[in-house]
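Chemist: any chance you could fold what I've pasted below:
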Amino acid sequence: MTELFEQDPLMIEETIEDWVITKCDDWRDHYESNYEARFDEYYRLWRGIWDPADSERKSERSRIIAPALQQAVESNVAELEEATFGRGKWFDIADNMGDTERQDVLFLRNKLTEDFEDCKVRKAVAECLINSAVFGTGIGEIVIEEMKEMAPATQPIMGGDLTAVGVNITERVKVKLKPVMPQNFLIDPVATSVDDAMGVAVDEFVSLHQVEMLQEQGVYRDVQVGSAAPDSNLEPDQDLTMYSDDKVRLTKYYGLVPRELLDNAFKDDDEEGDDEVDLLEDTKSKSKYVEAVVVVANGGILLKAEANPYMMQDRPIVAFPWDVVPSRFWGRGVCEKGYNSQKALDAELRARIDALSLTIHPMLAVDATRLPRGAKPEVRPGKMILTSGDPREILQPFNFGQVSQITFAQAGALQQMVQQATGAVDSAGLAGAVNGEATASGISMSLGAIIKRHKRTLINFQQSFLIPFVKKAAYRYMQFDPENYPVSDYKFNASSTLGIMAREYEVTQLVQLLQTMEKDSPLYNTLIQSIIDNMNLSNREELLAAMQKATQPNPEAQQAAQAAQQAQMQFQQSQTAALSAQAQESAARASKLSAEAQAVPMELEIDRISAVTRNLREGDQDDKEFERRMRVAETLLKERQIKGKENVNGQRTNGTPRPSQPAPPAQMEPPRGIRTQNGGME
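Modeler: A predicted model of the protein is given here:
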């Protein structure tokens, strides 16, 4: 295979440990020239440690440091810790879209939670939050350790007659999170994140026995490692006396290294050289660099050099900024925000204390020419001062006046400036945070602005630190402990909640909304559950379970309600059927009356014909008589039709007669004015 890059002549004699140490030294020079002095001062202000470099004037004698910045750091960190771990469940796992079985997801989440508790991950995350608030960036290293799990157990002996009590020991791989101080972390100066950098390094002092134990396990090379030279810049607290015995300076580099240097390191290792070279040949590409892990002791002793052994090819470092600084890896923390206000507050308090020392403590003006030789004019109770003459003329007390009260008010204003700059508000500064009055609207506006700032930091913490840590820890468990962690593709989500202050603010809003609703409203119970869920109560889960149980209906009451509902439905159906029958009966009566009304004219016509044609004789007079009778019959017929219509309309308006009382048949009167030939009336 043709090499794309020619061999660098400068790397012919260079080893991989020399290359790593050279890079780390350059990165440390950049850190010391730009960040070290500021970070040291932030650390002292947070701890309340005085240093001569912190004095604002040469005549300053007081060394007091106001606790405003300390309170701001603790308040902000406590708010984020409560928002992350306040509910117990601080991360969640999502399964694939098409997978309906959630047992594997629940098992993985519960197993990760249990192992994180055993490894004290929450404590390590809290320390990283403190580092981020003080220095601006929280950094953690993901460490894999092989630990022994011990559990009490019993075992039958002597054929089952006796039982031995002992301990079962199981060796397991555990993933821990190790917080890293800024002075122990080195990164490429032009990088803005761990993944974008050429490499990162953790440079710190460790105990000699830890290195020797890893050498016995085969993790590190079996070489002679002595004690390292002292270096105060790497110590966590530089004001303490350093212990320099049995310490090893360990530099762990994670990043890209030249491929040829890593090949040379494998060739020099006689025990594992062949296997590692084959591994590199399989993963060889056109790139000049390869992702690797290099561990160097005391600045020149190579303990470990191998290609990245993790299956996801990720770096075991997680970091997040408290507030993002554009195009910079190091962020902006709480101490940097409140630095100027804290320095002004310290100068104000120190000046006041120095002035009080001049005005409170008594002083004497003495005529030295009239004092006996060797006299010491000290001022203390019971002191006798010898003078050559009248003491009232030789000794005179004096002071420098009184301290102005305005300095005390200025100190309070400066303390509020620290709270305004850092977003940390306590019970004393909450009332005047917005409008200077303890009104509900002012407190609401103040809390709204504070909660927004906390949420922004919380998002940075979750997306840059918490979720990547859970992912990398799960991948390492899948790789090195597949028996307990089945390999699968999962999506991890951080389950953050509101902090204490944000939770109290939300409870207040819910209570105000609850007062506007009636108890019969369907949202009333939901609001009560939300209020209990946001309150920091010890028996919160029990209360929520009791409320849910109370909202569920009683089976007996539910059955009784269903029976009553069915009876009501049957009663309504019977009423509907009765009304329908009455309607049908009314329709039938209307049809009958209509038929009778139609039959009346036909009967009248028949009677008319019968009356007209009765008793007629032959001759011309019969025709005339017949015509006369027809005219009279038609007149009577019209009158009967009109009368029949009036009777039908009257029955419809006054009510239809019942079937038991039928209407009397219409009686037909004989036509009047028709005489027969016998002289009678027909």
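
Chemist: from here on, just use CA atoms for contacts and neighbour counts.
Modeler: OK.

Chemist: shaky segments in the stretch 351-500 of the chain?
Modeler: Residue ranges of the stretch 351-500 of the chain with pLDDT under 70: 405-408, 425-451, 493-500.

Chemist: can you show me the strands along it?
Modeler: Secondary structure of the stretch 351-500 of the chain, counting by DSSP state E, counting those that start in this stretch: strands at 363-366, 395-398, 491-494.

Chemist: can you redo those strands as CSV with mean neighbour count and distance to residue 485?
Modeler: Listed next are these as CSV, based on neighbours: other CA atoms under 10 Å; distance: least, CA to CA, whole Å:
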stretch, mean neighbour count, distance to residue 485
strand 363-366, 14, 77
strand 395-398, 13, 81
strand 491-494, 16, 15
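
Chemist: which of the ones you listed sits closest to residue 27?
Modeler: Among those, strand 491-494 comes nearest to residue 27, with 33.1 Å by CA to CA.

Chemist: circling back to that earlier point, let me have the strands of the stretch 351-500 of the chain in TSV, adding distance to residue 220 as columns.
Modeler: Conversion of the strands of the stretch 351-500 of the chain to TSV gives the following (distance: least, CA to CA, whole Å):
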stretch	distance to residue 220
strand 363-366	69
strand 395-398	74
strand 491-494	33
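
Chemist: could you give me the average pLDDT of the lengthiest helix in the chain?
Modeler: Ranked by residue count, the top helix of the chain under DSSP state H comes out as helix 555-613. Helix 555-613 shows an average pLDDT of 79 in the prediction.

Chemist: elements contacting it?
Modeler: Identification of packing neighbours for helix 555-613 by 3 or more CA pairs under 8 Å, 6 or more residues apart in numbering; DSSP states H and E yields helix 620-654.

Chemist: got a list of what residue 30 touches?
Modeler: Neighbour list for residue 30: residue 189 [criterion: CA atoms under 8 Å, 6 or more residues apart in numbering].

Chemist: just to revisit the earlier point, how distant is the longest helix of the chain from the center of its chain?
Modeler: 69 Å (CA atoms, centre = their mean, to the nearest Å).

Chemist: right, and the strands of the stretch 351-500 of the chain - which one's nearest residue 531?
Modeler: When the strands of the stretch 351-500 of the chain are compared by CA to CA, strand 491-494 sits nearest residue 531, at 22.7 Å.

Chemist: chain neighbours aside, what residue packs nearest to residue 253?
Modeler: residue 201 (4.3 Å; CA to CA, 6 or more residues apart in numbering).

Chemist: give me the three-state assignment for that neighbour.
Modeler: strand (DSSP: H, G, I helix; E, B strand; the rest coil).

Chemist: what about residue 27, distance to residue 165?
Modeler: Look at residue 27 and residue 165: by CA to CA, to the nearest Å, they are 56 Å apart.

Chemist: the closest residue in space to residue 189 that isn't next to it in sequence: helix or strand, and which one exactly?
Modeler: Once flanking residues are discounted, residue 189 sits nearest to residue 27: 6.6 Å by CA to CA, 6+ apart. Applying DSSP states H and E as the criterion places residue 27 in helix 16-31.

Chemist: what pLDDT, on average, does that helix get?
Modeler: 93.

Chemist: now do the buried residues in that helix.
Modeler: Residues 16, 17, 18, 20, 21, 23, 24, 27, 28, 30, 31 are the ones in helix 16-31 that count as buried (16 or more other CA atoms under 10 Å).

Chemist: each with direction, which strands does the longest strand anywhere in the chain pair with?
Modeler: With secondary structure taken from DSSP state E, the chain has its longest strand at strand 137-157. Next to strand 137-157 in the sheet, as set by DSSP bridges, lie strand 162-180 (antiparallel), strand 317-321 (antiparallel).

Chemist: take these and lay them out in TSV including distance to residue 399.
Modeler: Below are the strands paired with strand 137-157 laid out as TSV (distance: least, CA to CA, whole Å):
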stretch	distance to residue 399
strand 162-180	53
strand 317-321	52
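
Chemist: could you dump those into JSON lines and include mean neighbour count?
Modeler: As requested, these are exported to JSON lines (neighbours: other CA atoms under 10 Å):
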{"stretch": "strand 162-180", "mean neighbour count": "16"}
{"stretch": "strand 317-321", "mean neighbour count": "25"}
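
Chemist: which of these has the lowest mean pLDDT?
Modeler: Least confidently modelled of the strands paired with strand 137-157 is strand 162-180, at a mean of 88 by mean pLDDT.

Chemist: and the contacts of whatever helix or strand comes next after that one?
Modeler: For strand 162-180, the following helix or strand on the C-terminal side (DSSP H and E) is strand 185-187. Identification of contacts with strand 185-187 by CA under 8 Å, 6+ apart yields 24, 27, 28, 31, 194, 197, 199, 200, 201, 202, 203.

Chemist: what residues are up against the fourth one?
Modeler: Just to be clear, that refers to residue 31. Contact analysis of residue 31 by CA under 8 Å, 6+ apart lists residue 186.

Chemist: so how far is residue 186 from it?
Modeler: Using CA to CA, we find residue 31 at a distance of 8 Å from residue 186.

Chemist: ok, the third one next?
Modeler: From residue 28 over to residue 186 the distance is 6 Å, taken as CA to CA.

Chemist: next: the second one.
Modeler: Shown here: residue 27 relative to residue 186, a distance of 6 Å by CA to CA.

Chemist: again, but for the first one
Modeler: Distance of residue 24 to residue 186, computed by CA to CA: 7 Å.

Chemist: what do those two both touch?
Modeler: Joint contacts of residue 24 and residue 186 (CA under 8 Å, 6+ apart) are residue 201.

Chemist: re the thing from before, let's see the helix holding residue 27 as CSV, backbone CA atoms only.
Modeler: Extracted in CSV, the C-alpha atoms of helix 16-31 (Å, rounded to 0.1, in the frame of the first residue of the first chain):
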residue,chain,number,x,y,z
ILE,A,16,5.1,9.2,21.3
GLU,A,17,5.6,10.2,24.9
ASP,A,18,7.8,13.1,23.9
TRP,A,19,5.2,14.3,21.3
VAL,A,20,2.4,14.1,23.9
ILE,A,21,4.4,16.0,26.6
THR,A,22,5.4,18.7,24.0
LYS,A,23,1.8,19.3,23.1
CYS,A,24,0.7,19.4,26.8
ASP,A,25,3.5,21.9,27.7
ASP,A,26,2.4,24.2,24.9
TRP,A,27,-1.2,24.0,26.0
ARG,A,28,-0.3,24.6,29.6
ASP,A,29,1.7,27.7,28.7
HIS,A,30,-1.4,29.1,27.0
TYR,A,31,-3.6,28.3,30.0
